[in-house]
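Mind looking at a prediction? Sequence and model below.
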Amino acid sequence: METVDVVIVGSGFGGSIPALRLAQSGRSVVVLEQGPRLTEKDFVPSWSFREQSRLFTTYQSQDYSVFFRYGRGVGGGSLTYAAAMLRAPSEVFAYRDGDDYHVWPASVTRAALDPHYAEVERMMSVSRIPWDEVPRAGAVFAMLLDKMGLTCDRARYPMVDCLGCGFCMAGCPYGRKQHLGRNYVPQAETAGAEFRAGCKVERLSRDGSGYVVHYRDHSGLAQTVAADLVLLAAGALETPAVLLRSGAGLGELHPEIGKNLNNNGDMALIFQLPPDFPDAQMFMGRNNAGMITYAFWEEHKITIHAGAGPPALFAALDVVRDDGEAPRAPLGLEFKRFMRDNYPNRLVSSLAIGLVDSVGRVTVDGQGLVHFDFPMTPALSAYIERVAGVGRRIAEATGAKLCRTADSGWEHADAHPLGTVRMGDDDAKAPCTPAGELRGFPGLYVTDGAAIPGGTGVNPANTIAANAERIAAGIVAGG
Ligand SMILES: Cc1cc2nc3c(=O)[nH]c(=O)nc-3n(C[C@H](O)[C@H](O)[C@H](O)COP(=O)(O)OP(=O)(O)OC[C@H]3O[C@@H](n4cnc5c(N)ncnc54)[C@H](O)[C@@H]3O)c2cc1C
Ligand code: SF4
């Protein structure tokens, strides 16, 4: 059987970053990635469903109330994310859940992550968006806050000479977004790591002191590769599934694996602009629209940032007015006319992100397919009402109209699943140690969003990346 020093499952932030560090330490590294290798020439400036389903894998909760998606390919979510690269506020790391459990390991703080954030930002050319590149949607969002006497900051991104075309989440066709395929992946390859595209990992089994990784290659053939060091980085929905599919061949699993799915407190707020505001031009500029406000952090522990509105996404969102005015339902002539008159200039979208308990759960069925539940608990419902209250405050103070994004409630997940194989100090509550190692499985690590034990208060990629740098540094230092 093929044997290497390290096998890494998945090539997003949690996979490609340790691939570089472990290859640099002289280890032989194989990265197995289910998606294709994509470069700029493969990205098309289009929001068609055909393109979106080529680039993303999507999941719907069992009761259809929550939807998640992630980018697939060598470079993982970095290929098609909107690319806000923000550091989590310090207070995030002090979060205690409803059981008074301090979800982050005591050793993982903002100060401990800061050098790793800095390294990720250097590697990916992250900088603050220049004033003249702030999209109109971001500027209009900032005007709403300004009208309330509140502040808004320019956010940080890995863009170099951005053209403002507005297709970041379809993959930047112009090479301006510095995804992992432009930095960590090629540097890891230069250091000797091998990235195998089109290879889907099915399960792991134990092999003496190490592990065998069972996968299907790009032609569907069953293959195996063995290593003493295995890093799971298939994303927060797939990493627990790899473990759950492994069953007895791997050994008795920690009972919390798959539990504690966190949606990062995401909640979409869409505003119909007051008549005296300029047009938002939501189809233009980078998709994470340049501006973020921390003005509600003190009171509610939420940030809100401006977003863009790709037409296909907007047509699919159930946009209805929160105040009961037309449109009251996301279909029919009334809805069509509202969208015709308001998209893309008179609506501006934004995403609130905040700290919530981890209530979801990932499971696999008899065929190994991933499912998840995301129950509406009283605490989550209270959080959603609080965020909606902030949206109403903004609307009332500015003359904007708040829109709901799901006719029966509010869109409260999509892009930021976390926590399903979380790290933590408590042996019983956290499957992974603070070092990222799966308890009871020496040499088996979780380095992606699954390890992040709670919400990050902002978009999570930079924290996932910094944590992957931190775990990789620990493995290298351990010899
Ligand atoms: C539309 C969109 C916009 C976003 N915008 C932002 C943003 O602006 N800022 C931000 O911080 N975050 C953003 N995110 C979230 C961000 O992309 C994720 O948090 C991040 O990519 C997660 O990193 P990860 O390493 O955990 O997993 P991923 O980056 O998802 O990587 C997992 C990889 O594993 C592969 N994989 C899965 N299963 C298997 C298997 N069985 N075998 C082999 N390979 C497998 C997948 O194909 C994928 O390539 C966005 C997400 C989406 C969907
Ligand atoms: S807005 Fe900028 S980063 Fe986004 S796709 Fe266009 S050129 Fe690339």
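Nice, thanks for sending it over. Ligands and ions are numbered 1, 2, ... in the order given.

Could I get the full set of strands for the stretch 151-300 of the chain?
Applying DSSP state E, counting those that start in this stretch to the stretch 151-300 of the chain gives strands spanning 153-154, 156-157, 194-196, 200-207, 210-216, 222-227, 229-232, 259-261, 267-272, 288-293.

ignore the last one, the stretch 351-479 of the chain
Under DSSP E, counting those that start in this stretch, the stretch 351-479 of the chain gives strands at 360-364, 370-373, 401-404, 444-446.

Reformat those strands as JSON lines; add mean pLDDT.
Below are those laid out as JSON lines (pLDDT from 0 to 100):
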{"stretch": "strand 360-364", "mean pLDDT": "97"}
{"stretch": "strand 370-373", "mean pLDDT": "96"}
{"stretch": "strand 401-404", "mean pLDDT": "91"}
{"stretch": "strand 444-446", "mean pLDDT": "98"}
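
can you list the residues of the stretch 301-450 of the chain near ligand 1?
Along the stretch 301-450 of the chain, the residues adjacent to ligand 1 under the rule Cβ under 6 Å from any ligand atom are 415, 416, 448, 449. C-betas here are computed from N, CA, C, even on glycine.

Report the two of these separated the most.
Within these, 415 and 448 form the most distant pair, 14.3 Å apart (Cβ to Cβ).

Looking only at neighbour counts, state which of those two leads.
residue 448 (35 against 22; other Cβ atoms under 10 Å).

surely that one meets residue 242?
No. Taking contacts as Cβ atoms under 8 Å, residue 448 lies outside contact range of residue 242: 11.1 Å.

Report the set of residues contacting both of these two.
Any residue near both residue 448 and residue 242 by Cβ atoms under 8 Å, 6 or more residues apart in numbering counts here, and that gives 232, 234.

what mean pLDDT does the longest helix along the chain have?
Identified as the longest helix of the chain according to DSSP state H is helix 378-398. The predicted model assigns helix 378-398 a mean pLDDT of 96.

CA-only coordinates of it in PDB, if you can.
Once non-C-alpha atoms are left out, helix 378-398 reads as follows in PDB (Å, rounded to 0.1, in the frame of the first residue of the first chain):
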ATOM      1  CA  PRO A 378     -35.700  29.400  22.100                       C
ATOM      2  CA  ALA A 379     -32.300  31.000  22.500                       C
ATOM      3  CA  LEU A 380     -31.800  31.000  18.700                       C
ATOM      4  CA  SER A 381     -35.200  32.400  18.200                       C
ATOM      5  CA  ALA A 382     -34.500  35.200  20.800                       C
ATOM      6  CA  TYR A 383     -31.200  36.000  19.000                       C
ATOM      7  CA  ILE A 384     -33.000  36.300  15.600                       C
ATOM      8  CA  GLU A 385     -35.600  38.600  17.100                       C
ATOM      9  CA  ARG A 386     -32.800  40.700  18.600                       C
ATOM     10  CA  VAL A 387     -31.000  41.000  15.300                       C
ATOM     11  CA  ALA A 388     -34.300  41.800  13.500                       C
ATOM     12  CA  GLY A 389     -34.800  44.500  16.200                       C
ATOM     13  CA  VAL A 390     -31.500  46.000  15.200                       C
ATOM     14  CA  GLY A 391     -32.600  45.900  11.500                       C
ATOM     15  CA  ARG A 392     -35.900  47.700  12.500                       C
ATOM     16  CA  ARG A 393     -34.000  50.300  14.400                       C
ATOM     17  CA  ILE A 394     -31.800  51.000  11.300                       C
ATOM     18  CA  ALA A 395     -35.000  51.200   9.200                       C
ATOM     19  CA  GLU A 396     -36.900  53.500  11.500                       C
ATOM     20  CA  ALA A 397     -33.900  55.900  12.100                       C
ATOM     21  CA  THR A 398     -33.100  56.200   8.400                       C
END
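
looking at it, residue 253 is touching residue 243, isn't it?
Yes. Applying Cβ under 8 Å as the test, residue 253 and residue 243 come out as touching, 5.9 Å apart.

isn't residue 414 right next to residue 70, touching?
No. Look at residue 414 against residue 70 with Cβ under 8 Å: they stay out of range, at 10.1 Å.

who has more neighbours, those two?
Between residue 414 and residue 70, counting by other Cβ under 10 Å, residue 70 is the more crowded of the two (25 against 19).

What strand or helix carries the more buried one?
Using DSSP states H and E, residue 70 sits in strand 67-71.

Up against ligand 2, what does this protein have?
159, 162-168, 172, 174, 176-177, 286.

For the closest residue to residue 305 other than its chain neighbours, grab the count of nearby residues.
Closest residue to residue 305 apart from its sequence neighbours, by Cβ to Cβ, 6 or more residues apart in numbering: residue 292 at 4.0 Å. Neighbour count for residue 292, taken as other Cβ under 10 Å: 26.

residues touching residue 292, list them.
By Cβ under 8 Å, 6+ apart, the contact list for residue 292 reads 84, 86, 152, 153, 155, 303, 304, 305, 306, 458.

try residue 175
Contact analysis of residue 175 by Cβ under 8 Å, 6+ apart lists 40, 182.
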